[in-house]
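Asker: only the shape, not the letters, is given here:
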Ligand code: BGC
């Protein structure tokens, strides 16, 4: 065969491969379960995944459970009853899903865990997430550098800090907490960081279902009880929703630009980014949900079309029964210095969306 003919043959072979994949995906249904629409990130996650799967020829059903565990169980049972071909689940509290997941397995429906690990089940094939401990170390290191804790330590100075951590039924929350403490614990131990409420353990700082209102009232109580005579310098929160609650509590307590603390968050929501721009939140964690959706889609393809998904971790995510092959995306700190480059130039948000 001359070169031109080889080229034509190769193109024809590729085209028929593409056609057969599309034909395969045609008609197959993926059932997606998302936790809540009350936080913007999950709306984006669901929309991105739906769009990407549909582009590949899958039928997609997408459901949100508004952080109600019983609703999510019945949504899962419905999908299994209908006989969807594959499930993608971002759990509210994965422990309550275990029985329904076993039913899915029995019915031959593969499951992909999305962002949050599905605990205590052998029914999950793959896990697509962000490096959850990495989120914590990025937040910890941001505080360490921004406040120059090494210099403070050398000068014998200290900063006050309070913690607002994630939901105890979400495996990600403890990973995140551990990442933060890997960086900050030594400064708490030697008094460079002072937590006046004394609440530094995960048990004492976790907030069920990532509830913004609870973060606000916890912060109000702490400010009243412990910060009457001294300012809070750092609010280390694990979620943009908490940062909004803390912001409201601080405003209520009379904080101004003069004594506004460093406030961390997670997800780089539109509101959080606007707050970063106007100075009422210091940083957030940018998790590109387009990328996470893309990774999850390769896993759906893997279980339905027999392809190889990209995996970069086979050790960290043991769910109590099995260690789940995982792809971890990299979280990035976003603040006033880089939001334009990351979020606007990266086409995550438009400039108009971020207008005050
Ligand atoms: C996710 C975070 C999110 C949080 C609250 C966690 O499982 O990893 O990105 O901020 O849930 O929705």
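Answerer: Ah, there it is. A quick note: this is a predicted structure, and the numbers were derived from the prediction, not measured.
Asker: what residues sit buried inside the helix or strand in which residue 79 is found?
Answerer: Here residue 79 sits within helix 69-82, counting by DSSP states H and E. Across helix 69-82, burial judged by 16 or more other CB atoms under 10 Å covers 69, 72-73, 75-76, 79-80. Using the backbone N, CA and C atoms, a C-beta is placed for each residue, glycine as well.
Asker: in TSV: the residues you listed, plus distance to residue 348 and pLDDT.
Answerer: Listed next are the buried residues of helix 69-82 as TSV, based on distance: CB to CB, whole Å; pLDDT from 0 to 100:
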residue	distance to residue 348	pLDDT
69	30	98
72	27	98
73	33	98
75	28	98
76	30	98
79	30	98
80	34	98
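Asker: out of everything not next to it in sequence, what's closest to residue 72?
Answerer: Nearest residue to residue 72, sequence neighbours excluded (CB to CB, 6 or more residues apart in numbering): residue 65, at 3.8 Å.
Asker: spit out the contact partners of the most centrally placed residue in the chain.
Answerer: Nearest to the mean C-alpha position of the chain, counting by CA atoms, centre = their mean, stands residue 115 at 5.9 Å. Residues in contact with residue 115, defined by CB atoms under 8 Å, 6 or more residues apart in numbering, are 45, 90, 128-130, 172, 292.
Asker: now with 10 Å?
Answerer: Residue 115 makes contacts with 34-35, 41-42, 45, 88-91, 127-130, 132, 170, 172, 287, 289, 292, 296, 329, as judged by CB atoms under 10 Å, 6 or more residues apart in numbering.
Asker: got it, and residue 233?
Answerer: Residue 233 makes contact with 143, 147, 158-162, 193-194, 227, 259-262 under the criterion CB under 10 Å, 6+ apart.
Asker: same check on residue 31?
Answerer: Residues near residue 31 by CB under 10 Å, 6+ apart: 59-63, 75-76, 78-80, 82-89, 104, 109, 111.
Asker: report the buried members of these.
Answerer: Taking 16+ other CB under 10 Å as the criterion, what is buried in these is 60-63, 75-76, 79-80, 84-89, 104, 109, 111.
Asker: ok so residue 113 is a strand residue?
Answerer: Yes: Residue 113: assigned to a strand according to DSSP: H, G, I helix; E, B strand; the rest coil.
Asker: grab the nearest non-local neighbour of it.
Answerer: Take residue 113 and drop its neighbours on the chain: the residue closest to it by CB to CB, 6+ apart is residue 127, 4.2 Å away.
Asker: test my guess that the one you found contacts residue 329.
Answerer: No: Residue 127 is beyond contact range of residue 329, at 11.6 Å (criterion: CB atoms under 10 Å).
Asker: buried ones in stretch 184-201, by neighbour count?
Answerer: Buried positions in stretch 184-201, judged by neighbour count with 16+ other CB under 10 Å: 184, 187, 192-193, 195, 197, 199-200.
Asker: now go through those and say which are in helices.
Answerer: Judged by DSSP state H, the buried residues of stretch 184-201 include 184, 187 as members of helices.
Asker: now the buried residues of stretch 184-201 in TSV, with distance to residue 273?
Answerer: Formatted as TSV, the buried residues of stretch 184-201 follow (distance: CB to CB, whole Å):
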residue	distance to residue 273
184	25
187	28
192	30
193	27
195	28
197	29
199	28
200	29
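Asker: how about the contacts made by residue 146?
Answerer: 234, 262, 264, 282-283, 333, 335.
Asker: could you measure from it over to residue 263?
Answerer: Plainly put, residue 146 is 11 Å away from residue 263 if you go by CB to CB, to the nearest Å.
Asker: and for those two, which residues touch both?
Answerer: Both residue 146 and residue 263 are in contact with 234, 282-283, where contact means CB under 10 Å, 6+ apart.
Asker: among those, name the buried ones.
Answerer: Among the shared contacts of residue 146 and residue 263, the ones that count as buried by 16+ other CB under 10 Å are 234, 282-283.
Asker: show me which of the residues you listed is closest to residue 99.
Answerer: Minimum distance to residue 99 across these is 40.2 Å, recorded for residue 283 (CB to CB).
Asker: give me the beta-bridge partners of the closest one?
Answerer: residue 335 (DSSP bridges).
Asker: who's in contact with it?
Answerer: 138-139, 142-143, 146, 243, 262-266, 268, 272, 276, 333-339.
Asker: the same query, at a cut-off of 8 Å, please.
Answerer: 139, 142, 146, 262-265, 276, 333-335.
Asker: can you give me the strands for the stretch 101-250 of the chain?
Answerer: Assigned by DSSP state E, counting those that start in this stretch, the strands in the stretch 101-250 of the chain fall at 111-114, 124-130, 159-164, 193-194, 234-237.
Asker: so for the first one, mean pLDDT?
Answerer: Along strand 111-114, the predicted local confidence has a mean pLDDT of 98.
Asker: how about that strand, does it get close to the ligand?
Answerer: No: among the residues of strand 111-114, none lie within reach of the ligand under CB under 6 Å from any ligand atom; the closest is 9.8 Å away.
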